[in-house]
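Student: Quick one, fold the following:
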Amino acid sequence: MSTLDEDRDTGAGVTGPDQRAADPGNGPGARSRQAIARAGRRGRAALAEFPGMARRHWLFASALGFGAVVRVVALAGFTPGLFKLDTYDYLWDANHLTPNPVNPSGYAVFLWLLRPFHSLTLVAALQHLMGLAIAVMVYAVLRRRGVRSWLAVLAVVPVLVDPAQLLIEHLVMADIVAMFLMVAAFAVVLVRRSPSPPRAATAALLMGASAVVRPTTLPLITLLAVYLLVIRSGWRTAVAALAAGLLPVAGYVAWFAAATGTVGLTRSDGLFLWSRTMSFADCSVIRPPADLAALCPDRQPGDLAQPVASLRPLPKRYLWNKDAWQWQPRTHSIVPNTAAFTPANNARARDFAIRAITAQPLAFARVVADGAAQPFISTNQLRFPGTAPRTIRINAANRRYMLAAVRGYAGTADGIAPYLGQQLSTRLVQPYAGLIQRYQDWIYLPGKLFGLVLLVGLGGIVYRRTRTAAGALAWVAAAVVFVLPVAEHEYTYRYVIPAIPLACLAAALTLRDRSQDALAPSPDPDVPPAAAPVERAPAGTLTPATQDVPASPAAPLGDPAQA
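Tutor: Residues are numbered from 1 along each chain as shown. Model (predicted):
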């Protein structure tokens with residue numbers, strides 16, 4: 001018998017405010033304890049349900065277990081993680097909690113939150129858990145959308161086993177955190193047929209958080225709002241989602257402006273875009289004004305002055321060459337990458353880049369298309385290093401900066417200092433490192449297979465009978481996060497990794513079995529079913545809805561009725 005029933009039986013009625021205050025079973029503290037108790041019961045119920053869920057989804061559980069084992073081997077073989085040159089900037093910014101002029105510092109904030117533990121191994125381990133969580137979220141969305149178990153598992157295999165994905169997770173860089181937040185946003189909005197306004201706002205908020213980690217996902221905030229309009233969630237829901245998505249961006253812009261005096265996410269967008277135009281720019285066509293002539297390709301130092309566009313170095317060489325115009329005069333600052341990225345240099349570079357693209361739009365489109373085609377025609381994927389880096393390639397100033405960044409974050413650099421390098425830096429531990437090196441020789445995602453996945457998803461959009469708003473959302477998002485960095489700077493396979501789970505999601509939604517759609521309340525999982533007319537029974541009639549019937553067991557994760 002409940003407390004309320006006892007009150008009725010004893011005639012106590014409802015207690016007044018004074019009685020509630022005097023009763024130790026009431027009050028804020030008691031309510032907090034009750035909430036904690038309820039959460040504990042739910043947690044125990046979820047743990048009790050876990051073995052049954054693993055049996056129902058044994059194929060996915062097996063793939064997830066394999067992915068976990070491979071990640072444990074990578075953690076043991078490459079300690080305490082993988083470093084690139086940008087890693088030290090992120091660590092430096094986490095130590096000082098200051099926005100960086102080159103890259104948004106959302107990832108530095110993530111590192112700052114973990115800084116009290118002084119463990120780079122913990123950072124890598126959490127990032128590997130994010131990779132596993134991405135697979136779980138994509139699988140859950142596909143099963144909720146009626147995709148068969150084997151196809152849903154096949155769609156998440158690249159995330160679980162691709163060594164390039166493992167490397168991104170092991171790298172102390174922003175990629176995996178931005179990817180995790182992006183996929184979480186899509187999972188929140190796609191796991192139900194028509195998301196409620198709070199659910200839509202939560203998804204957009206996650207996407208906004210992703211954008212301040214890597215701004216490539218910034219256009220996806222608008223894409224989410226468009227999706228909500230397409231599935232008829234209402235303009236209020238779409239506007240609320242758009243506002244929620246822009247909230248983290250606005251907060252970061254305010255922080256950046258307060259710290260640097262510049263309104264924006266960075267002071268590097270113009271310089272990155274200028275370096276992209278060096279792949280095709282012809283100043284005889286562009287005809288820049290005299291104050292921008294120094295930015296022309298033929299005015300750059302050494303081999304950067306190559307007049308033939310097809311023979312010019314990669315854009316990153318123009319951006320980071322310390323003899324190029326933006327680095328003059330040279331600086332010996334302990335943070336070497338801040339000198340070039342001034343507001344004046346960034347505005348000047350942006351001006352040149354816009355002129356170049358306007359004067360040579362076809363040339364710009366061609367270099368972007370060439371870059372976007374690279375993952376399908378080249379096998380040059382990301383690979384774990386086979387040997388430790390040579391520290392002799394680092395100059396003294398950069399070495400001091402790297403060691404200061406690592407020491408400030410981890411408390412010591414004793415186990416890392418001998419392994420600093422220009423490329424991927426880490427300490428190799430055998431035999432685990434050797435196992436990963438042999439693993440990546442045999443298991444990887446071929447470029448042509450990825451191209452086929454994209455074609456299947458695109459076909460699902462073009463072909464009317466397989467078209468869904470969810471599939472279109474995933475496919476367009478995959479194209480944006482992959483092509484946009486190529487258009488802004490240059491191609492690298494790192495930019496392909498976040499597009500893979502989205503492309504697989506779109507392809508699986510295209511290939512899902514629609515033979516049971518006629519039995520479902522609505523043939524399109526993106527459109528809620530129409531309300532059916534209700535026949536009223538005569539008074540006193542016992543209808544099936546009011547009969548005492550045993551509760552049905554919880555529907556499995558893949559039941560389309562729960563989508």
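
Student: What segments of the stretch 351-500 of the chain are helices?
Tutor: Per DSSP state H, counting those that start in this stretch, the stretch 351-500 of the chain carries helices over the ranges 361-377, 396-410, 432-442, 447-462, 469-488, 499-511.

Student: would a markdown table of these with mean neighbour count, distance to Ala37 and mean pLDDT be doable?
Tutor: All C-beta atoms are positioned from the backbone trio N, CA, C, and that covers glycine. As requested, those are arranged in a markdown table below (neighbours: other CB atoms under 10 Å; distance: least, CB to CB, whole Å; pLDDT from 0 to 100):
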| stretch | mean neighbour count | distance to Ala37 | mean pLDDT |
| --- | --- | --- | --- |
| helix 361-377 | 16 | 51 | 94 |
| helix 396-410 | 18 | 39 | 87 |
| helix 432-442 | 16 | 43 | 93 |
| helix 447-462 | 18 | 46 | 92 |
| helix 469-488 | 22 | 38 | 95 |
| helix 499-511 | 26 | 37 | 95 |
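
Student: Indicate which one of those is closest to Asn100.
Tutor: Comparing the helices of the stretch 351-500 of the chain against Asn100 with CB to CB, the closest turns out to be helix 396-410 (12.1 Å).

Student: ok, Val123 to Arg214 distance?
Tutor: Distance check for Val123 against Arg214: by CB to CB, to the nearest Å, it reads 17 Å.

Student: if we can go back for a sec, looking at the helices of the stretch 351-500 of the chain, spot the one closest to Pro198.
Tutor: Closest of the helices of the stretch 351-500 of the chain to Pro198 is helix 469-488, at 19.3 Å (criterion: CB to CB).

Student: Now do that closest one against helix 361-377, angle only.
Tutor: Relative orientation of helix 469-488 with respect to helix 361-377: 110 degrees, computed using axes from the mean of the first three to the mean of the last three CA atoms, to 10 degrees.

Student: nearest residue to the spatially most central residue of the chain other than its sequence neighbours?
Tutor: Central residue check for the chain by CA atoms, centre = their mean: the C-alpha nearest the mean position is that of Met179, 1.3 Å away. Beyond its immediate neighbours in the sequence, the residue positioned closest to Met179 (CB to CB, 6 or more residues apart in numbering) is Pro498, lying 4.4 Å away.

Student: gap between that neighbour and Ser279?
Tutor: In this view, Pro498 and Ser279 are 23 Å apart by CB to CB.

Student: quick one: which of the two has more around it?
Tutor: More neighbours surround Pro498 than the other of Pro498 and Ser279, with 28 against 22 (other CB atoms under 10 Å).

Student: follow-up on the earlier one: is the residue nearest to Met179 in contact with Ala479, as I believe?
Tutor: No: taking contact to mean CB atoms under 8 Å, the distance of 11.5 Å between Pro498 and Ala479 leaves them out of contact.

Student: Go ahead and name everything in contact with the top strand by length along the chain.
Tutor: Longest strand of the chain, by residue count under DSSP state E: strand 78-83. Counting contacts by CB atoms under 8 Å, 6 or more residues apart in numbering, the residues outside strand 78-83 that touch it are 119-121, 123-124, 167, 170-172, 384-385, 410, 415-416, 420, 424-429, 433, 436.

Student: report the angle between the axes of it and helix 396-410?
Tutor: Angular relation of strand 78-83 and helix 396-410 on a 0 to 180 degree scale: 120 degrees, by the same axes, to 10 degrees.

Student: Now strand 78-83: buried residues?
Tutor: When burial is assessed from 16 or more other CB atoms under 10 Å, strand 78-83 yields the following buried residues: Phe78, Thr79, Pro80, Gly81, Leu82, Phe83.
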